[in-house]
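>>> my questions concern the predicted model and sequence given below.
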Number of protein chains: 2
Amino acid sequence: MTIKISIDCMGGDHGPSVTVPAAISFANREPEAELILVGLEEQIQAELKKHKALSHPRLSVLHASEVVTMDDSIETALRRKKNSSMRIAIKLVKDEQVRACVSAGNTGALMAVSRYLLKTIPGVDRPAICTILPNQKDEPTYMLDLGANVDCEPQHLHQFALMGSALVATMEGKAKPTVGLLNVGEEDIKGNEVVKQTAELLRADHEKGILNFYGNVEGNDIFEGTTDIVVCDGFVGNVTLKASEGLGRWVKSVLTTEFKSSILNMLGALIANGAIKAISRRLNPSRYNGACLLGLRGLVFKSHGGADTYSYEWAIKRAFDAAKYDVLSRVTTTIAELMPQTDQASLPPTADAVLIESSK
Amino acid sequence: MTIKISIDCMGGDHGPSVTVPAAISFANREPEAELILVGLEEQIQAELKKHKALSHPRLSVLHASEVVTMDDSIETALRRKKNSSMRIAIKLVKDEQVRACVSAGNTGALMAVSRYLLKTIPGVDRPAICTILPNQKDEPTYMLDLGANVDCEPQHLHQFALMGSALVATMEGKAKPTVGLLNVGEEDIKGNEVVKQTAELLRADHEKGILNFYGNVEGNDIFEGTTDIVVCDGFVGNVTLKASEGLGRWVKSVLTTEFKSSILNMLGALIANGAIKAISRRLNPSRYNGACLLGLRGLVFKSHGGADTYSYEWAIKRAFDAAKYDVLSRVTTTIAELMPQTDQASLPPTADAVLIESSK
C-alpha cells in the first residue's frame, strides 16, 4: 500500500530546484511513497524533465498558481493567496487525499494556514513545532516548542509534553519516553512561575503513570541526551535552536579553515579522510531536518528554508515515517485520554488571535 | 602600581587545587597583579608549598573559616556562613582593599552575597551576569543576562543594554559598540511583549545617540558576531549558554572519537597536528571563562564551577583587566548620565526579594 505525501514545491529559499530532485530521490528510495508535487506546473515539469523523471509512476504534479514567499505576512498567506502551493498542499491533507504534507515555506505562514485549514486536535489549545536534535548518546532528542508560541501558560507546556511523549512513543517505539522541562537549574525551586507550575502538572501526570517526567533539565542536557523529550516555550526553543545552528556553522568554518591552512594539514586531513567524513556526517545538521507541526488534525512537516536537496529529503522521510507509524491517531488518542475535560472550557476566547499574532 | 584582586580559593568544584595554582600562574605572568588568597589557610598554604610559591611577593593568604558549597542555599550563604571565603573575598572589594574579586562558587549565592554587601549602582534595579562568547569574526560577543534574572521587565533589559555597552566600550575600546536584542526573528513585530517594549526603549536611546542599537538579533547571530552585545533575560541567556556548552562538548567528543577510530585516522591527525592544535585552541571554552556581575558597586567575577587551572586563570585575567581599565566607574557614569531619574522611583519595593528568590 502506498503512502501519499504532498510537497509544497515552491516553499523555501530554493523552490523546485531543491524540492523536486529531493522528491524524486525519495520516491526512488522508498517504493511505498507516492508524492504529489504542488506548485507552478511549468517549473516543476522542467525540473522533472531535467532529472528524467517526467513519467515517474509515483510522482504527480498539481498546479497551484500562487506562491507564499519567505517575506509574506500571515495575513497575505491566509487571506490573499488562496491558490498558493502551500495552501493547496495542506488542503490535500484536510481532504484526506494525502497522509502528510511537507513545506519549506515561512514558518509563521505555514503554521497559520495549517491551523486555519486543519484546526487543532480536541484538547490542544495551541499547536507546537517539534524537531529532533542530535545528542551524545547518538539518539535523537525531541524538542518542542521551537517558535510557534512565544508566550506560554503552564497548560500549554503541559500539552506539549503530552504530545511530544505520544510522538516519541510512536516514532521511536519507546513505551515511556522521558520528558524534561527546560529550566535554569535542576532543583525544583529554580525558574520562573510558568516553569514551576508546569513542573507541578507534569509531576502529577508522572504520579498517575501518564507521563515519564524526569524533572527539570538544563540547556546542556539537550545535547547530552538526558531525556527523550525537552519541553520549553517557543521563545526559548527558537533562540536555543538557532544559537546551536550558529555555533555549528562556526565550528564547521573553524575545522575547514584549519585543515586547509597548510600543505601538511591538508595531507593529514587526506590521510584521516575516514575520520573527516564521519565527523562531517555526524555533525551534519541536514540529518535533523524536518520539524513536525504537532497538535493539528493532520500531519504537516516544516523543512528548513535554506535546505539543500539532501536535507529536504530528510524532511520528506520524516513526514513519510510519521504517516506510516500513524503518529496522528496516537497523538489524538493520547490527548483525548489524558487531557482534563475542563481545559477546553478554560481556553480564553482570544487564544487563536494570540497564536496568529505571536507566530508572525 | 599594583592592582589587587581577591580570590575566593574555596569556590568551585575543585577548590584550592585549581584556584591556587591558577593564582600563582597569573601572578607570575602579570607583574602588576597582587592577589589575596581567601579561604582555609592550611589548605591554601599546602598548595602554595606544593608549587614552591610560599614566599611569592605578590601572593598573600587571608584565612576564612567557612566554605559556601555548590549546594548551599542563598539563605545559608547569606545568613549562616558569615565567615565564608566567598563573603570575605567580596568584603575586601567593599572595603576597597582590592579592586575586584573572583569566585567559582555557586552563582546564586555569589550574586546574593555580592548584592547584599556591595549594593547596586544608582539607577540599576538588578545586576546581570555578562560573559563573552566566541564568534566567526574572531571577536568576543558579550551576552547578558546569563541567569541572575529569570523574569525581566523592559526596564531591566534596557539597563542591561546600557551596562553592557559601557562594559564593551571600556574593555574593547569601541566607542559605540552595537547592541542586539535577542528575539525569535529580526522584524519589529516578532517576539513577546517584553521584547517589543524593550526594543522601543532601545530605539529611543539610539535616536538620542546614547546607544548603538542594531535591532533584533536571533540565536545564530551570537556566534556570527552580528553585534558586540546581545541582550536577553536570564532564563533565555542561561539556557542558550548551557546548550552551547553541551553542543561544544558533543562536538569535542565526536572529533576525539573519530580521530582515534583507526591507525590511519590517528596518523592523519598526527600529521595535521598543527590544525588539530589550532582547532582545539579556538574551540576551547576555557578561553571565555570569567563572567562579570554587572551593576554592583564593585567588580565581582564568576568563574565556571568546573573550571580547571588554565580556565580559572582566564577568569582572574578578566577581573584584572576590568579593574585596570576601570570598568566600574565607566559603567557607573554611563548609568548615572543615561538612566531617567524616574526609574528608581518606579522600582517595586519587593524587587530585592524577587531577585534573591529568582537567582537561587
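Cool, got the structure.
>>> need the pLDDT of the closest residue to A:Val195 other than its chain neighbours.
Closest residue to A:Val195 apart from its sequence neighbours, by CB to CB, 6 or more residues apart in numbering or on different chains: A:Asn183 at 5.3 Å. (C-beta placed from N, C-alpha, C; glycine too.) Per-residue pLDDT puts A:Asn183 at 95.
>>> what's the answer for the one 5 residues further on, then?
pLDDT recorded at A:Asp188 is 81.
>>> correct me, but A:Thr226 touches A:Tyr214?
Yes - counting by CB atoms under 8 Å, A:Thr226 touches A:Tyr214, with 7.0 Å between them.
>>> and the stretch 251-360 of chain A, which residues reach chain B?
A:251, A:253-255, A:258-259, A:261-262, A:264-276, A:278-279, A:282-283, A:358, A:360 (CB under 8 Å from any CB of the partner chain).
>>> hmm, 7 Å instead?
A:251, A:253-255, A:258-259, A:261-262, A:264-265, A:267-269, A:271-272, A:274-275, A:278-279, A:282-283, A:360 (CB under 7 Å from any CB of the partner chain).
>>> check the residues you listed for burial and list the buried ones.
Buried positions within those, assessed by neighbour count (16 or more other CB atoms under 10 Å in any protein chain shown), are A:251, A:254-255, A:258-259, A:265, A:268-269, A:271-272, A:275, A:278-279, A:282-283, A:360.
>>> you'd agree the residue nearest to A:Val195 is up against A:Tyr214?
No - using CB atoms under 7 Å, A:Asn183 makes no contact with A:Tyr214, being 11.5 Å away.
>>> find the centremost residue of chain A, please.
Nearest to the mean C-alpha position of chain A, by CA atoms, centre = their mean, lies A:Ala291 at 0.8 Å.
>>> can you pull the contacts of the nearest residue to that one once chain neighbours are set aside?
Closest residue to A:Ala291 apart from its sequence neighbours, by CB to CB, 6+ apart: A:Thr131 at 3.9 Å. Neighbouring residues of A:Thr131 by CB atoms under 7 Å, 6 or more residues apart in numbering or on different chains: A:Met143, A:Leu146, A:Tyr288, A:Ala291.
>>> quick one, phi psi at A:Thr131?
The phi/psi pair for A:Thr131 (degrees, to the nearest 10) reads phi -130, psi 170.
>>> what about it, distance to A:Val236?
Separation of A:Thr131 from A:Val236 (CB to CB, to the nearest Å) stands at 14 Å.
>>> what's around A:Phe235, how many residues?
When neighbours are defined as other CB atoms under 10 Å in any protein chain shown, A:Phe235 has 27 of them.
>>> distance from stretch A:174-189 to the middle of the chain?
Distance of stretch A:174-189 from its chain centroid, counting by CA atoms, centre = their mean, to the nearest Å, is 21 Å.
>>> can you dump the C-alpha coordinates of that stretch into CSV?
The C-alpha trace of stretch A:174-189 is given here as CSV (Å, rounded to 0.1, in the frame of the first residue of the first chain):
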residue,chain,number,x,y,z
LYS,A,174,9.6,3.7,23.3
ALA,A,175,6.7,2.8,25.6
LYS,A,176,7.6,5.5,28.2
PRO,A,177,9.8,8.2,26.8
THR,A,178,11.3,10.6,29.4
VAL,A,179,10.2,14.2,29.4
GLY,A,180,12.5,17.0,30.7
LEU,A,181,11.3,20.6,31.4
LEU,A,182,13.9,23.1,30.2
ASN,A,183,15.0,25.3,33.1
VAL,A,184,17.9,27.3,34.5
GLY,A,185,18.7,24.6,37.0
GLU,A,186,17.7,21.1,38.1
GLU,A,187,16.3,21.9,41.5
ASP,A,188,12.5,22.4,41.9
ILE,A,189,12.9,25.9,43.3
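>>> can you list the buried residues in that stretch?
Quick answer for stretch A:174-189 (16+ other CB under 10 Å): A:Pro177, A:Thr178, A:Val179, A:Gly180, A:Leu181, A:Leu182, A:Asn183, A:Val184, A:Gly185.
>>> show me the shaky parts of chain A.
A:339-360 (pLDDT under 70).
>>> that's a strand at A:Val18, yeah?
No - secondary structure of A:Val18 (DSSP: H, G, I helix; E, B strand; the rest coil): helix, not part of a strand.
>>> and it, how close does it get to chain B?
Going from A:Val18 to chain B by CB to the nearest CB, to the nearest Å gives 21 Å.
>>> my guess is A:Thr226 is in a helix, correct?
No - per three-state DSSP, A:Thr226 lies outside any helix segment and is coil.
>>> nearest residue to it other than its sequence neighbours?
Distance criterion CB to CB, 6+ apart; nearest residue to A:Thr226, sequence neighbours excluded, is A:Val217 at 5.4 Å.
>>> partners of that neighbour in the sheet?
For A:Val217, the beta-bridge partners are A:Leu182 (DSSP bridges).
>>> wait, it touches A:Leu182, no?
Yes - under the criterion of CB under 7 Å, A:Val217 makes contact with A:Leu182 at 6.0 Å.
>>> what's the overlap in contacts for those two?
In contact with both A:Val217 and A:Leu182: A:Val230, using CB under 7 Å, 6+ apart.
>>> A:Phe26 contacts A:Arg318, correct?
No - counting by CB under 7 Å, A:Phe26 does not reach A:Arg318; the two are 10.7 Å apart.
>>> tally of neighbours for A:Glu75?
Using other CB under 10 Å, A:Glu75 has 12 neighbouring residues.
>>> what about it, distance to A:Asn106?
Separation of A:Glu75 from A:Asn106 (CB to CB) stands at 12 Å.
>>> who touches both of these two?
Going by CB under 7 Å, 6+ apart, no residue sits against A:Glu75 while also sitting against A:Asn106.
>>> got a list of what A:Arg80 touches?
Contact partners of A:Arg80, counting by CB under 7 Å, 6+ apart, are absent.
>>> got the residues of the stretch 51-200 of chain A near chain B?
So the stretch 51-200 of chain A meets chain B at A:Asn135, A:Gln136, A:Gly147, A:Val150, A:Asp151, A:Leu182, A:Val184, A:Ile189, A:Lys190, A:Gly191, A:Asn192 (CB under 7 Å from any CB).
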